[in-house]
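turn this into a model:
(one chain, ligands or ions: 1)
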Amino acid sequence: MKQPATTPSVDMLIVGAGFAGLYMLHKARCMGLDAMVIESAPSVGGTWYHNRYPGARVDIQSLEYSFSFDEALQQEWRWTERYAGQPELLRYANHVADRFGLRDGIRFDTRMRGAQFDEAAGEWVLQSECGETWRTRFLVMASGPLSSPNRPDFPGLGGFDGPVFHTADWPHEPVDFGGQRVAVIGTGSSAVQTIPIIAQQARELTVFQRTAAYAAPARNGPLDPAFEGRVKADYKNFRARNRRMHGGFGNLLPPNPVSALAVSAAEREARFEERWRIGGFAILGAFNDLLTNLQANALLAEFVRGKIRSTVHDPATAALLSPTHTIGCKRLCVDSGYYETFNLPNVRLVDVSTQPIERFDARGLFIGGRHHEFDTLVLATGFDAMTGTMLRLDLRGRGGLRIQDKWQAGPLNYLGLGIAGFPNLFNIAGPGSTSAFTNVIVAIEHHVDWIADCIGHMQAHGKTLIEVDERAEAGWAEHVNAAAKRTVFLSCNSWYLGANIPGKPRMFMPLADGFPRYADHCAEVARKGYEGFVLR
Ligand code: N01
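I've put the predicted structure just below:
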């Protein structure tokens, strides 16, 4: 393709048109910046564009998992269900794009190949996969913490004759499983949501499980208009109260401030039951030490195993479905009929924890020498989370520093927002912030607002460059690690640790310190003139 004589230049280039990219673009425009987004997909929505597998649904209530930055938007949008499904979330993303006139600032079907920092000009030079180039002063990575699907390297998979789908890269045409023998690999959140739906359609469904999942019932249903009215009558304060909650949601049902170890067995059971009936993540707040004390955690784990035993008719299947790791250590799944699905006559569970999947052939796969035959394969094998997308790029900072070298031992950063050696680059909802432990829209709004304030501060003080100080970055890595150590999160292999990807360095990536403390910390940094950053 012929290149224009001069490289187009903008004030801010944003990568990704999911919720983070949309709000960043809106905010940048409100500040008078010349901003644009590049997006690899043909439309907006990010996560909710790609993860369109049957059953995909949010696991935080929609009245909470939605933008708060515009009062008219939050009043006019009507969710139909307590937990919106993927099609409704995608409609919402499109509504936001249209309502704020954002589409003309987004280059669709444009995938970033890399970007290098031009020290002389103090600008980033970004290339697309198709060879287009832009210059920008600020580069904002809004590319999502869960946007690089993990496709395990199963021997022989390429020779499998049937269709292969990944939950995170689902086709746009409807997939008909009718009359099919379907295999699902994986039992994380995506699998837990899609298995009950696929089981209704398929002739046979075989689920290959490496680690059993803890799932709490969503208790999804139509959104109660009276409840919606109450929330919307005081939406501003409702949102503000959520921002003071550990996970950025759930202010109507705060965690019980009592230890699980301080009450009688009967009292404990009653509190667990109460929250199990409410559904979703409520159960994790039944006591204040379920995610920080292994003994307390074990009591909740046993409660959920009891629910599995009383739901699943076949004792051997119930035993296999019963997790043995700490609960919440991998993100708790929120389900609609997951365990019940294993009572259906057409559904089979196969353990691959002791004997892994050996290889595929044209008609199925082998485990321990035994052949399992099926027509269609669904990979629900998750993501190369938090760093996967950035590490696939040719991203080079000051002095040609490659992001792959910078993050060789793990994703060093400060506040999750900036990286030493990568000036004027901001990351949204990535490692080092509470992103994965927060209602992610709350995290996104916080990050975007912080970035906008920071740029406003730079403009007001005649600064053009901001860069993380390496000492602040080292201190932050210790801070993230120390926060994880105060929890149960280091006690199992999760994507939070990078443990789901062979060869990935183990470093606890999200900050487990709670959103309010994190937000206060970021505010304090700003108040002190962006302490820990160097401004020039
Ligand atoms: O991915 P996962 P996910 N052989 O990594 C298994 C968000 N999300 O897409 O646990 C056999 O959780 C793997 O086994 P193991 C949410 O934050 C939210 O389900 O590594 N099995 C696991 O069972 C979530 O946490 C929603 O032993 C293999 C599964 O594949 C995050 O996205 C919905 C394997 C992967 O589970 C990721 O969820 C969906 C192998 N080689 C997702 N490799 C909501 O509800 C992997 N597995 C909003």
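
what is the helix or strand harbouring Thr206 packed up against?
Per DSSP states H and E, Thr206 falls inside strand 204-209. Packed against strand 204-209 by the contact rule (3 or more CB pairs under 8 Å, 6 or more residues apart in numbering; DSSP states H and E) you find strand 181-185, helix 189-201, strand 347-351. Heads up, the C-betas are built off the backbone N, CA and C, glycines and all.

report the buried residues of the last one.
It refers to strand 347-351. Residues of strand 347-351 classed as buried: Val347, Leu349, Val350 (neighbour count, 16 or more other CB atoms under 10 Å).

please apply the same query to the second one.
Within helix 189-201, the residues scored as buried using 16+ other CB under 10 Å are Ser189, Ser190, Ala191, Val192, Gln193, Thr194, Ile195, Pro196, Ile197, Ile198, Ala199, Gln201.

hmm, the last one is touching Asp176, no?
Yes - the criterion here is CB atoms under 8 Å, and Gln201 meets it with Asp176 at 7.4 Å.

following the chain past the strand holding Thr206, name the next helix or strand.
Once the chain leaves strand 204-209, the following helix or strand, as judged by DSSP H and E, is strand 215-217.

run me through the strand neighbours of that following strand, direction for each.
Paired strands of strand 215-217, with direction, are strand 333-335 (parallel) (DSSP bridges).

gap between the strand it pairs with and the chain center?
For strand 333-335, the separation from the chain centroid amounts to 14 Å (computed by CA atoms, centre = their mean, to the nearest Å).

right, and the helix or strand after it?
Past strand 333-335, the next helix or strand by DSSP H and E is helix 338-341.

neighbouring contacts of that following helix?
Residues from elsewhere that reach helix 338-341 (CB atoms under 8 Å, 6 or more residues apart in numbering): 192-193, 195-196, 199, 213, 215, 307-308, 311-312, 321, 347.

and this structure, which residues reach the ligand?
Residues of the chain lying close to the ligand (CB under 6 Å from any ligand atom) are 58-59, 146, 152, 167, 185-191, 193, 210-211, 331, 334, 352, 357, 380-383, 495, 500.

list only buried entries from the residues you listed.
So, by 16+ other CB under 10 Å, the buried ones in these are 58-59, 146, 167, 185-191, 193, 210-211, 331, 334, 352, 357, 380-383, 495, 500.

which residues touch whatever residue of the stretch 301-450 of the chain ends up closest to the ligand?
Relative to the ligand, the nearest point of the stretch 301-450 of the chain is Gly382 (2.5 Å; CB to the nearest ligand atom). Gly382 makes contact with Leu146, Pro149, Asn150, Ala168, Gly186, Gly188, Ser190, Trp495, Asn500, according to CB under 8 Å, 6+ apart.

mind doing that once more with 7 Å?
Applying CB atoms under 7 Å, 6 or more residues apart in numbering to Gly382 gives the contacts Asn150, Gly186, Gly188, Trp495, Asn500.

look up how far Met507 lies from the closest residue to the fourth one other than its chain neighbours.
If you skip the residues right next to it in sequence, Trp495 has Ala385 as its closest partner in space, 4.1 Å away by CB to CB, 6 or more residues apart in numbering. Ala385 sits 12 Å away from Met507, going by CB to CB, to the nearest Å.

neighbour count winner among those two?
Shown here are Ala385 and Met507; by other CB atoms under 10 Å, Ala385 has more neighbours (26 against 20).

and that one, which of the three is it?
Assigned by DSSP: H, G, I helix; E, B strand; the rest coil, the conformation of Ala385 is coil.

check which element follows the helix or strand encompassing Asp98 along the chain.
Using DSSP H and E, the element containing Asp98 is helix 86-99. Once helix 86-99 ends, the next helix or strand along the chain (criterion: DSSP H and E) is strand 106-107.

quick one: mean pLDDT for that next one?
Across strand 106-107, pLDDT averages out at 98.

what pairs with it, and is each one parallel or antiparallel?
strand 35-38 (parallel).

hey, which strand is longest across this structure?
In the chain, assigned by DSSP state E, the strand with the most residues is strand 133-141.

got the buried residues for whatever helix or strand comes next after it?
The C-terminal neighbour of strand 133-141 among helices and strands, as given by DSSP H and E, is strand 164-166. By neighbour count on 16+ other CB under 10 Å, the buried set for strand 164-166 is Phe165, His166.

what of stretch 366-378?
Buried residues in stretch 366-378, counted by 16+ other CB under 10 Å: Phe366, Ile367, His372, Phe374, Asp375, Thr376, Leu377, Val378.

now do the same contact list for Thr167.
Counting by CB under 7 Å, 6+ apart, Thr167 has contacts Asn51, Tyr53, Ser190, Thr194, Val378, Leu379, Ala380.

what's the closest of the residues you listed to Met458?
Met458 has its nearest neighbour among the contacts of Thr167 in Asn51, at 35.8 Å by CB to CB.

ok, so what distance separates the closest one from Ala168?
From Asn51 over to Ala168 the distance is 5 Å, taken as CB to CB.

quick one, which of the two is more surrounded?
Asn51 (26 against 23).

tell me how far the more buried one lies from Phe69.
Separation of Asn51 from Phe69 (CB to CB): 24 Å.

for the stretch 251-400 of the chain, what spans make up the strands?
Under the criterion DSSP state E, counting those that start in this stretch, strands of the stretch 251-400 of the chain are mapped to 333-335, 347-351, 359-361, 364-367, 370-373, 376-379, 394-396.

and the helix holding Asp98, what's buried?
For helix 86-99, by 16+ other CB under 10 Å, it's Gln86, Glu88, Leu89, Leu90, Tyr92, Ala93, Asn94, Val96, Ala97.

ok, now which ones touch Ile106?
Shown in contact with Ile106 (CB under 7 Å, 6+ apart): Ala17, Val37, Glu39, Val44.

any idea which of the residues you listed is closest to Leu425?
Using CB to CB, Val37 is the member of these that lies nearest Leu425, at 15.5 Å.

the strands of the stretch 251-400 of the chain: which one's closest to Thr206?
With respect to Thr206, and counting by CB to CB, the nearest of the strands of the stretch 251-400 of the chain is strand 347-351 at 4.9 Å.

ok, that closest one: who's next to it in the sheet?
Using DSSP bridges, the strands paired with strand 347-351 are strand 204-209 (parallel).

run through who's touching the partner strand.
Residues from elsewhere that reach strand 204-209 (CB under 7 Å, 6+ apart): 181-185, 187, 195, 198-199, 346-352, 357, 372, 374.

give the rounded mean pLDDT of that strand.
Strand 204-209 carries an average pLDDT of 98.

dump it to CSV, restricted to CA.
Extracted C-alpha coordinates of strand 204-209, given in CSV (Å, rounded to 0.1, in the frame of the first residue of the first chain):
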residue,chain,number,x,y,z
GLU,A,204,-23.7,-36.2,23.5
LEU,A,205,-21.5,-33.8,25.5
THR,A,206,-18.1,-34.9,26.9
VAL,A,207,-16.5,-32.4,29.3
PHE,A,208,-12.7,-32.8,29.8
GLN,A,209,-11.9,-31.4,33.3
